[in-house]
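# Dropping a prediction and its sequence here:
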Amino acid sequence: MAAGAFEPSDRPAVLLVEDEFETAQEISLALEREGYAVRIADSLQQVSDAIRIHMPAVMIIDRMLHGTDSIAMIEAWREEGNRVPVLVVSALSSIDDRIRGLRAGGDDYLVKPFAIDELVARVEVLRRRANDSRVSLLRVGPLAMDLIERSVHRGDRKLELLPREFNLLEYFMRHPNQTITRAMLLTDVWHFRTLPQTNVVDVHIGKLRRKVDGPGEIPMIETVRATGFILHGDR
């Protein structure tokens, strides 16, 4: 579908923000084959109008839009309270670039060039997570995670989490009292297709542990030597 209003439909709507015509058409056709209604936007004004009027189920955003980094736009949406899942696509592939995109409020980050089937799969994951969030409040022991508000409390204490930390804790809370390996986290949370030699998981777990397990509180996150980690909900 070309730029314009979504036609009335029961199909989940995707807003595709992409200024490369051929790329936009390829993505749009693939998503429409999977049952999505797609609106293509290539300007900030079109994006603003579409979000205000139609509120898509998922947004796909090219990070460099007409040569301008769209990170600031994503940050502004989040500050305004917009919680529509965002998949950032970009030729910028360094770890720092990915981290910046996720910290700005992106829910996932896919590096160009990519397999179109992988993009479709990631859109489905984001849409399913959003649907789950409308009816889900995750609880593990004293932890309560509101997937709509994207807020977490341990008892009466609110945890101030960065987007990656939130996604990491969500993964643990969906698998409580289970040993989660580093490979599982790199695949399911960081979405690496090949597993790099990196300590990124341990670094993030360390930061998350300091927020989850406050002074005087019973530790919930345990490191299992040479294996992975467990989030305990029965302590």
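Here it is on my side, so go on.
# what mean pLDDT does the lengthiest helix in the chain have?
The single longest helix within the chain, with elements called by DSSP state H, is helix 116-133. Here helix 116-133 scores 83 as its mean pLDDT.
# cool, and stretch 82-98?
Average pLDDT, stretch 82-98: 87.
# still on that earlier bit, buried set for the longest helix of the chain?
The neighbour-count check on helix 116-133 (16 or more other CB atoms under 10 Å) flags L119, V120, R122, V123, E124, V125, L126, R127, R129, A130, S133 as buried. Heads up, the C-betas are built off the backbone N, CA and C, glycines and all.
# Which neighbouring elements make contact with the helix or strand that that helix is followed by?
In the C-terminal direction, the helix or strand that comes right after helix 116-133 (DSSP states H and E) is strand 137-140. On a contact count with 3 or more CB pairs under 8 Å, 6 or more residues apart in numbering; DSSP states H and E, strand 137-140 meets strand 143-146, helix 163-174.
# Need the winner for burial among the ones you listed.
For these, the largest average neighbour count (mean count of other CB atoms under 10 Å) is found in helix 163-174, namely a mean of 20.
# ok now stretch 107-118, how far from the chain's centre?
Stretch 107-118 sits 13 Å away from the centroid of its parent chain (CA atoms, centre = their mean, to the nearest Å).
# buried set for that stretch?
Judged by neighbour count (16+ other CB under 10 Å), stretch 107-118 contains these buried residues: D107, D108, Y109, L110, V111.
# got those residues as a markdown table, with distance to S94 columns?
Shown next, in a markdown table, are the buried residues of stretch 107-118 (distance: CB to CB, whole Å):
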| residue | distance to S94 |
| --- | --- |
| D107 | 19 |
| D108 | 17 |
| Y109 | 11 |
| L110 | 14 |
| V111 | 10 |
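# closest to M220 among those?
Checking these against M220 with CB to CB, the nearest one is D107 at 24.5 Å.
# I'd like to know which elements the strand or helix carrying L87 is packed against.
Assessed by DSSP H and E, L87 sits inside strand 86-90. The contact analysis (3+ CB pairs under 8 Å, 6+ apart) places strand 86-90 against strand 58-62, helix 71-79, helix 95-103, strand 108-111, helix 116-133.
# can you do 10 Å?
strand 13-17, strand 58-62, helix 71-79, helix 95-103, strand 108-111, helix 116-133 (3 or more CB pairs under 10 Å, 6 or more residues apart in numbering; DSSP states H and E).
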